[in-house]
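> Generate coordinates for the sequence data below:
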Amino acid sequence: MEIPTSHPPVNSGPFAGVRLPARLAVTGMLAAGVWTVFGPWLPGGRWVAVHLFTLGVLTPAVVGFTAHFTGSLLMTRGEAKPPIALLAAGIVGTLAGVGSTTPWLSGTAATVLTAAVIVNYVRIRRARKATLQPRWVWMARRWERAHGAFVHGAILGVLMAVGWLPGTWYGTARLAHLHVNLLGWGGITLLATACMFGPMALRTRMQETAPAVTARWTSRSATGLTIGVLALLATAVGGDVGTALRFLAAAGLAVYAVGATVVATILVRTRATAPGRHWNGDAIVLAIVVLAVASWLDVIVVASAAWRYLDALGVLVIAGTLLLAIVGALGTVAPWTFGGAREGRDQVRESLQGLGYVRLTMVAGGTMLAATGAAVRSLPGQVMVLRTGWALIILAVAWSIAKVARHALTPRSPG
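You can find the predicted model right below:
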């Protein structure tokens, strides 16, 4: 028998499969930071800044991590490889098309991007049906529903981009688009995955009843969100019917908020029993808590038609929930991906832990400032408050990325 003479790849590990999606997400983070600061002078302005996050950061993160965990939890590794090339082409083309006001390019690229998400959905579904490990089948189902939310959000986005929706329907489609992407594509994925990934990041055991409770309530949350989004879209009919549909939307979103609160409670209790302090785990716990709070505030906004507060809610969900969770997730997988052998993993973990709570505080504080600046337009120095908040968020995220990147470029002994 021939004896291999080569060593395993340096920087390989159990999370090596998320390396490419993570790189794409990190690139999106950096670009989103640039557009947030210099948006007024760059093509597309604020729209590109927001979609650089939802498409360039959130989408590769969701696709990459769900593909990875489909293989590892359902014991079908390799059955759900993320379609990175298709994903990257769709993201770049969509942003370029809308940023340059080229409807045909944005529509074509959005179709390519949606196809990439559908490919990932099909692979997750195929793995779920083939698995002999039933414990985590419910989680794969939630990922499937989150992928479905993305597809519906993409359809609404394309209809708005190409100008096929009249005025009133454009406004309600935008509301539905925001909810289905942030709370569905991002939120449902996060709520379901946190049951398993949160304790992993905290380096502790999950509660015995956590999977069953999370499975039940994330299903209800997904259904509540579906009702809420459809009702929001239909409020375009106006009049008393439109008002009744708005209250129905608020009721559906309230079910979603209950589910988010249940998951947040489980994670807070898990954190209370965890040994030691781990900034990356606490970032994920805080992200879920913020999502629960933002969900209840969203219910109030929709029920009262106080649409002026939507920007503030967007800050809470984008920065205080999804961005914070992604940074925490990167901090969790980095030691396994770039640490090599056990000693190297411990060194990377200890390095990332250093001043981790300072960075976490910067993101939390910056989120509160930015949300306050977006909500209270009459606040003295409102623009400065808003900019200071985003500056803190961007600096903290860039700091975390720089620390991870340093270890990614450091050769280590293979594990």
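
> pLDDT (mean, whole number) over the host helix or strand of Ala110?
Using DSSP states H and E, the element containing Ala110 is helix 103-130. Model confidence over helix 103-130, given as mean pLDDT, is 91.

> now for that helix, which elements pack on it?
Taking 3 or more C-beta pairs under 8 Å, 6 or more residues apart in numbering; DSSP states H and E as contact, the helices and strands that helix 103-130 lies on are helix 59-73, helix 84-99, helix 137-161. Any C-beta I mention is one placed from the backbone N, CA and C, and that applies to glycine too.

> what angle separates the last one from helix 103-130?
With axes from the mean of the first three to the mean of the last three C-alpha atoms, to 10 degrees as the criterion, the two stretches helix 137-161 and helix 103-130 enclose an angle of 170 degrees.

> Just the residues contacting the next helix or strand after helix 137-161, thanks.
Following helix 137-161 in sequence order, the next helix or strand is helix 167-179 (DSSP H and E). Residues external to helix 167-179 that are found in contact with it (C-beta atoms under 8 Å, 6 or more residues apart in numbering): 153, 156-157, 159-160, 165, 225, 228-230, 232-236, 238, 253, 298, 307, 310, 314.

> Counting only helices, which of the residues you listed make the cut?
Counting by DSSP state H, the part of these found in helices is 153, 156-157, 159-160, 225, 228-230, 232-234, 253, 298, 310, 314.

> which one of the helices and strands packed on helix 103-130 is the most hemmed in?
helix 59-73 (a mean of 24; mean count of other C-beta atoms under 10 Å).

> Which one, of the helices and strands packed on helix 103-130, ends up nearest to Val37?
helix 84-99 (16.3 Å; C-beta to C-beta).

> And the lowest-mean-pLDDT helix or strand in the chain, how far out from the chain middle?
The weakest-scoring helix or strand in the chain, judged by mean pLDDT, DSSP states H and E, is helix 342-353 (a mean of 79). Here the centre of helix 342-353 is set off from its chain's centre by 25 Å, with C-alpha atoms, centre = their mean, to the nearest Å.

> re the thing from before, so which of the ones in helices among the contacts of helix 167-179 comes closest to Asn280?
Checking the ones in helices among the contacts of helix 167-179 one by one against Asn280 (C-beta to C-beta), the nearest turns out to be Gly314, at 24.3 Å.

> how close does that closest one sit to Arg174?
Using C-beta to C-beta, to the nearest Å, Gly314 is found at 12 Å from Arg174.

> And Trp47, its phi and psi?
phi -60, psi -50 (degrees, to the nearest 10).

> please begin residue numbering at 34 from this point
Sure, I'll start numbering at 34, so the last one becomes Trp80.

> For it, which non-adjacent residue is spatially closest?
Val131 (6.5 Å; C-beta to C-beta, 6 or more residues apart in numbering).

> For the one you found, which residues are in contact?
77, 80-81, 84, 139, 194.

> so which one among these has the lowest pLDDT?
Gly77 (76).

> Can you name the residues that contact that one?
By C-beta under 8 Å, 6+ apart, the neighbours of Gly77 are 68, 128, 131-133.

> how about a cut-off of 6 Å?
Residues in contact with Gly77 (C-beta atoms under 6 Å, 6 or more residues apart in numbering) are Gly132.

> Give the buried subset of the contacts of helix 200-212 as a ChimeraX selection command.
When burial is assessed using 16 or more other C-beta atoms under 10 Å, the buried subset of those is captured in ChimeraX by this command:
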select :186,189,190,192,193,198,258,261,262,263,265,266,267,268,269,286,331,343,347
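
> can you count the residues close to Val274?
11 (other C-beta atoms under 10 Å).

> ok, now Pro199?
9.

> How about Leu223?
29.

> Could you do Gly200 as well?
Around Gly200 there are 7 residues (other C-beta under 10 Å).

> Flag the shaky bits of this structure, pLDDT-wise.
Across the chain, the ranges flagged by pLDDT under 70 are 34-46, 49, 110-113, 372-374, 441-448.

> quick one, domains of it?
When the chain is parsed with automatic domain parsing, its domains come out as 48-197, 214-448.

> and of the ones in helices among the contacts of helix 200-212, the nearest to Leu88?
Gly190 (9.5 Å).

> if we can go back for a sec, need the residues that contact the next helix-or-strand element following the least confident helix or strand of the chain.
Sequence order places helix 389-408 as the next helix or strand after helix 375-386, per DSSP H and E. Applying C-beta under 6 Å, 6+ apart, the external contacts of helix 389-408 come out as 312, 316, 342, 344-345, 348-349, 352-353, 357, 415, 418-419, 421-423, 425-426, 429, 432-433.

> same question, stretch 350-357
86, 91, 215, 219, 316, 320, 323-324, 327, 396, 400, 426.

> so can I have JSON lines of those showing distance to Thr276 and neighbour count?
JSON lines is the format used below for those (distance: C-beta to C-beta, whole Å; neighbours: other C-beta atoms under 10 Å):
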{"residue": "Phe86", "distance to Thr276": "33", "neighbour count": "26"}
{"residue": "Leu91", "distance to Thr276": "32", "neighbour count": "26"}
{"residue": "Leu215", "distance to Thr276": "24", "neighbour count": "25"}
{"residue": "Gly219", "distance to Thr276": "29", "neighbour count": "28"}
{"residue": "Ala316", "distance to Thr276": "40", "neighbour count": "27"}
{"residue": "Ala320", "distance to Thr276": "34", "neighbour count": "27"}
{"residue": "Val323", "distance to Thr276": "30", "neighbour count": "24"}
{"residue": "Leu324", "distance to Thr276": "27", "neighbour count": "29"}
{"residue": "Ala327", "distance to Thr276": "24", "neighbour count": "26"}
{"residue": "Val396", "distance to Thr276": "38", "neighbour count": "25"}
{"residue": "Thr400", "distance to Thr276": "32", "neighbour count": "25"}
{"residue": "Ile426", "distance to Thr276": "36", "neighbour count": "26"}
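
> okay, the angle between the helix or strand that contains Ala245 and helix 170-194?
Take DSSP H and E as the rule and Ala245 turns out to sit in helix 243-267. Calculated by the same axes, to 10 degrees, helix 243-267 forms an angle of 20 degrees with helix 170-194.

> If anything else comes up later, I'll come back, but that's it for now.
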